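>>> Sequence and predicted structure below; questions after.
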Amino acid sequence: MKTENTGARRRIGVMGGTFDPIHHGHLVAASEVAASLGLDEVIFVPTGQPWQKQGRDVSEAEHRYLMTVIATASNPSFSVSRVDIDRAGLTYTIDTLKDLKLQYPDAEFYFITGADALAQIFKWKDIDKLWPLAHFVGVTRPGHVLSDFGRKEDITLTEIPAMAISSTDCRQRVAQGKPVWYLVPDGVVQYIAKHRLYHPKPEPAVKPA
Ligand code: ATP
Ligand code: MG
């Protein structure tokens, strides 16, 4: 997409996540950071195979991508990138940012993470190579403390409206037959039902003896 060149670098938020499923906590985080830092747009980047989540079943990338598209479609400043799901292997933030930099060479990136992810930041691959690629924005998240990390000069902390929602909880609710209305966007509720995501697997039919 061609944008008018005002001379200023485009400020782009990057919201990485597994989005299994995307919920209103993710959307509020992106919207609040965009407003408070004056970002031009936010790109949601569903992970391929997340390295932190090896050992648990993550839904197919295509389902997570489509739910993210559905959830963000109505906001003209939000878009979804396939860079991570189209790259083979485990997803590392360093690769996400390098790929986005190729697509938007002149942009300034703001990588948005919740308090829990921020606490893990120093375990990330090539963390020292990440700082020049993006600013980091840590957002508050109920149940997690936003503190106790180094490099404060490179991290902006932002207080956002508290949304005590997690994808884990949404998956468990669906599995237990509880509603996820108003925790995730309406279209995502319907997508989950249509594809029977997170529902208990049907009992295998018992063969007659
Ligand atoms: P899961 O329970 O499967 O880990 P999640 O709800 O933590 O899912 P992720 O896809 O892991 O969602 O998170 C993507 C990013 O969004 C992370 O940086 C995470 O900290 C942040 N995030 C998720 N939920 C919230 C929330 N309710 N408030 C603020 N930030 C959030
Ligand atoms: Mg998480």
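Structure's in. What do you need? Ligands and ions are numbered 1, 2, ... in the order given.
>>> Next, the contact list for the closest residue to residue 99 other than its chain neighbours, please.
Distance criterion CB to CB, 6 or more residues apart in numbering; nearest residue to residue 99, sequence neighbours excluded, is residue 83 at 4.2 Å. Every residue, glycine included, has its C-beta placed from N, CA and C. The contact partners of residue 83, taken as CB atoms under 8 Å, 6 or more residues apart in numbering, are 45, 95, 96, 99, 100, 103.
>>> Show me what the biggest helix by length in the chain is packed up against.
In the chain, with assignment by DSSP state H, the single longest helix is helix 24-37. In terms of contacts (3 or more CB pairs under 8 Å, 6 or more residues apart in numbering; DSSP states H and E), helix 24-37 is packed against strand 11-17, strand 41-46, helix 61-72, strand 108-114, strand 135-139, strand 155-158.
>>> 7 Å instead?
strand 11-17, strand 108-114, strand 135-139, strand 155-158 (3 or more CB pairs under 7 Å, 6 or more residues apart in numbering; DSSP states H and E).
>>> Only C-alpha atoms, please: export the shortest one in CSV.
Taking Å, rounded to 0.1, in the frame of the first residue of the first chain, the C-alpha atoms of strand 155-158 are listed here in CSV:
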residue,chain,number,x,y,z
ILE,A,155,11.1,-0.4,27.2
THR,A,156,8.1,1.8,27.5
LEU,A,157,5.6,0.6,30.1
THR,A,158,1.9,1.4,29.5
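>>> Direction included, what does that strand pair up with?
strand 135-139 (parallel) (DSSP bridges).
>>> Can you tell me what sits against the strand it pairs with?
29, 33, 37, 110-115, 118, 146, 154-158, 160 (CB atoms under 7 Å, 6 or more residues apart in numbering).
>>> just to revisit the earlier point, just the closest of the contacts of residue 83 to residue 71, please.
residue 45 (13.5 Å; CB to CB).
>>> what's across from the residue lying closest to residue 113 once chain neighbours are set aside in the sheet?
Distance criterion CB to CB, 6+ apart; nearest residue to residue 113, sequence neighbours excluded, is residue 138 at 5.9 Å. Counting by DSSP bridges, residue 138 is bridged to residue 113, residue 157.
>>> how much space between the spatially closest residue to residue 142 that is not a sequence neighbour and ligand 1?
Among residues not flanking residue 142 along the chain, residue 164 sits closest, at 4.2 Å (CB to CB, 6+ apart). Going from residue 164 to ligand 1 by CB to the nearest ligand atom, to the nearest Å gives 7 Å.
>>> What score does residue 164 have for pLDDT?
On pLDDT, residue 164 comes in at 97.
>>> That one: what secondary structure?
Counting by DSSP: H, G, I helix; E, B strand; the rest coil, the backbone at residue 164 sits in coil.
>>> Confidence-wise, which helix or strand of the chain is lowest on average?
Lowest on mean pLDDT, DSSP states H and E among the helices and strands of the chain sits strand 49-50, with a mean of 71.
>>> before we move on, back to that, tell me how many other residues surround the residue nearest to residue 113.
24 (other CB atoms under 10 Å).
>>> now swap in residue 156 and tell me
Neighbours of residue 156 (other CB under 10 Å): 16.
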